[in-house]
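A.B. asks: What follows is a predicted structure for the sequence shown.
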Protein chains: 2
Amino acid sequence: MLDLPTPCLVIDAQRVRANLRTMAEYVAAHSLHLRPHTKTHKCRELARLQLTEGGATGLTVAKVGEAQVMAEVTGDLLLAFPTVDARRCAAMADLARTTNVRVAVDSPLAVNRLAEAAVAAGSTVGVLVDLDVGLGRTGVQSPAQALALAQAIDGRHGLRLDGIMFFPGHVSGPDEAKIDALRLVCARVAETLDQWRRSGLRAAIVSGGSTPTALLSHHVKDLTEIRPGTYFFNDMNCVRGGCATLDDCAARIVATVISTAVPGQVVLDAGSKTLTSDLCGPAPQSGHGHIVEHPGARIVKLSEEHAQVDVSGCQREPTLGEQVTIIPNHICPWLEPGQSPRVLKIDARGKVF
Amino acid sequence: MLDLPTPCLVIDAQRVRANLRTMAEYVAAHSLHLRPHTKTHKCRELARLQLTEGGATGLTVAKVGEAQVMAEVTGDLLLAFPTVDARRCAAMADLARTTNVRVAVDSPLAVNRLAEAAVAAGSTVGVLVDLDVGLGRTGVQSPAQALALAQAIDGRHGLRLDGIMFFPGHVSGPDEAKIDALRLVCARVAETLDQWRRSGLRAAIVSGGSTPTALLSHHVKDLTEIRPGTYFFNDMNCVRGGCATLDDCAARIVATVISTAVPGQVVLDAGSKTLTSDLCGPAPQSGHGHIVEHPGARIVKLSEEHAQVDVSGCQREPTLGEQVTIIPNHICPWLEPGQSPRVLKIDARGKVF
């Protein structure tokens, strides 16, 4: 066992490489481009690994500040977040002077502001139309709206219509259920593309994906690229959602048992500031992560710096001072630089916008 | 309206000063010491404000790294977290060479390790016995256990028995319900102190508190100090828990409406990485915070960088590009350095242990 200050995050490089290989082989087999979402790690070194060994041809980011950071490792970036404020638009237009950047938008306001910023910066920004395929978060609501927005983008000075983006975040369940749901996604995308074609517009990029559906992407005709993020590490959402095994989980929190005062319970030094309060999507009752050494334990309650663990179901109760390993529910929300054998720099950490 | 990059956290200094004044006047009126918990802000400048203008005589921290940071502004520190691992014990013992530090413990293992570390460092560490008064998280389970632990500490080379600490985090509801619950707390503390006295032990410090019960502390006889944290800013937990008004909330998230594509909904650029996934304790169904300009809106769902807001109950729907102000459910989990008129340095941010 390593002697680490806890709580800390430890990444198994071998498992990461295996996860990268799985995805690289999949996209190669299905002639898809891979544009991983870097919000999962926010780290240039890991992004570089995806580009050099993992079959990625570009990167996805959630924030403008992340785009600025990741522009150092790739010349092909997608901001999967609408820019409607002048500040974000100006920063993306500025970045577009040196990097091929694309932004996904769902409103005429975003189109107008982005075009104005690009003209002012003397650059060209690629634009994808964000199409809602069922999640109900962002994205235009119909193929007709997608066409109208595409027409507003096409030929607009400072902008370049590159295609469409969607996020199938609502698709879950066993593979058959996912494939069924993807059929509807597929139909909506096809109808959108058909309307574009009939209006003389072309979608060079049709960007989908996300880890839970990534390896089913061949069921979505017309797709040109996918944007999984979590697959890099995997987490309990993936395991309980059926798209990874415990062995595929490459990032684990090491924590110490710091109290056993309450019978039937131990307390770990990893609370919501470490594990986040995110419940497991596919199994909310399963608690706040999986303790590898004590599969019968359940993390029932988090304070900021404490995890209360029900150990009544354990064959052997964790002992005071013992270090345990937790696979978190959702690996994306953080990647803290723990003092592991080699410490990573989280380059895009703490970006405001 | 300030032109701020969003999401960002804005602190109203006037409201903060009013909150500090309320607490300072309360502790003065009841002859209590005030030892604020700095996990709420992790910022030396704000801690200094509590010490110079807010009536505080010492500080509380959750982590050893926070203690090291706050030792620069006070010589009287309490680590309200048990140290059972050699690394934490050594660091606290080292800090005790220059600062009066205290640690709250609930196990003989913590006592032994801390004593060994203090002897090795040639320092003396103050120790409080952590007594569970009903929360069931950490703390010895009975006055008898508290006595046994106190006897193990008393006279132990390197340690100094300073008293007891408890955290009434389970006490909630309207004031009458809180006062009822505090009566039980009071009885358990009194019984513990009585046993100590009969065994010739003295508790110079009896440390309680937390924001929801802070202004009811006079109902707990024998108390010498309180440790509220959230009172500095207040949050929706305080408002819905009845211990603050909306006007008392000094920290607000400014966010921008970045999508209105889905009817009846707007999306803000403040997700779980900004607001945390913490639900409101006293009103979990109230959503992820309160939008000041649109009290009829409800933040129903968070992704990492998106908040989905149900606006069907709004008199006027928020418009695309509009900046809104959110009072979060729980202010403690973060204090990001937003680019507000003056930016604060979060000195104790990102400490591993």
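C.D. replies: Received the coordinates, thanks. Numbering: from 1, shown residues only, chains lettered A, B, ... in the order given.
A.B. asks: I'd like to know how far the residue nearest the centre of chain A sits from chain B.
C.D. replies: Centroid-nearest residue in chain A, with Cα atoms, centre = their mean: residue A:229, separated by 3.5 Å. From residue A:229 across to chain B, the span is 10 Å (Cβ to the nearest Cβ, to the nearest Å). (C-beta placed from N, C-alpha, C; glycine too.)
A.B. asks: again, but for residue A:175
C.D. replies: Per Cβ to the nearest Cβ, residue A:175 is found 24 Å from chain B.
A.B. asks: what are the ranges of the helices in chain A?
C.D. replies: Assigned by DSSP state H, chain A shows helices spanning A:13-29, A:44-52, A:64-70, A:86-95, A:108-121, A:143-153, A:175-198, A:211-214, A:236-240, A:272-275.
A.B. asks: Please give the centre-to-centre distance between the first one and its chain.
C.D. replies: Spelled out, it's helix A:13-29. Distance, stretch centre to chain centre, for helix A:13-29: 16 Å (Cα atoms, centre = their mean, to the nearest Å).
A.B. asks: Kindly report the same for the second one.
C.D. replies: In this view, helix A:44-52 has its centroid 15 Å away from the chain centroid, taken as Cα atoms, centre = their mean.
A.B. asks: what's in contact with that helix?
C.D. replies: A:16, A:20, A:34, A:36, A:38, A:41, A:56-57, A:59, A:69-70, A:72-74, A:232, A:344-345, A:347-348 (Cβ atoms under 8 Å, 6 or more residues apart in numbering or on different chains).
A.B. asks: Could you do the longest one as well?
C.D. replies: Among residues not part of helix A:175-198, those counted as contacts by Cβ under 8 Å, 6+ apart are A:131, A:133-134, A:143-144, A:146-147, A:150, A:164, A:166, A:168, A:170-173, A:202-203, A:206, A:208, A:212-213, A:216, A:219-223, A:242.
A.B. asks: Among the residues you listed, name the buried ones.
C.D. replies: A:131, A:133-134, A:143, A:146-147, A:150, A:164, A:166, A:168, A:171-172, A:203, A:206, A:208, A:212-213, A:216, A:219-220, A:223 (16 or more other Cβ atoms under 10 Å in any protein chain shown).
A.B. asks: Of those residues, which fall within the contact range of chain B?
C.D. replies: Among those, no residue is within reach of chain B (Cβ under 8 Å from any Cβ of the partner chain).
A.B. asks: thinking again about what came up before, from the contacts of helix A:44-52, list the buried ones, please.
C.D. replies: The neighbour count (16+ other Cβ under 10 Å) marks A:16, A:20, A:34, A:36, A:38, A:41, A:56, A:59, A:69-70, A:73-74, A:232, A:344, A:347-348 as buried among these.
A.B. asks: ok, which of the residues you listed also contact chain B?
C.D. replies: Applying Cβ under 8 Å from any Cβ to the buried ones among the contacts of helix A:44-52, none is adjacent to chain B.
A.B. asks: What pLDDT is listed against residue A:141?
C.D. replies: If you check residue A:141, the pLDDT there is 98.
A.B. asks: Residue B:262 is in contact with that one, correct?
C.D. replies: Yes - counting by Cβ atoms under 8 Å, residue B:262 is a contact partner of residue A:141 at 6.7 Å.
A.B. asks: Spit out the residues that contact the two alike.
C.D. replies: Taking Cβ under 8 Å, 6+ apart as the contact rule, residue A:141 and residue B:262 both touch residue A:132.
A.B. asks: Of these two, which one has the most company?
C.D. replies: Shown here are residue A:141 and residue B:262; by other Cβ atoms under 10 Å in any protein chain shown, residue B:262 has more neighbours (18 against 14).
A.B. asks: What distance do you get for that one to residue A:166?
C.D. replies: 14 Å (Cβ to Cβ, to the nearest Å).
A.B. asks: Common neighbours of the two, please.
C.D. replies: A:132, A:139.
A.B. asks: Where does the prediction get shaky in the stretch 251-353 of chain A?
C.D. replies: For the stretch 251-353 of chain A, the stretches flagged by pLDDT under 70 are A:332-342, A:352.
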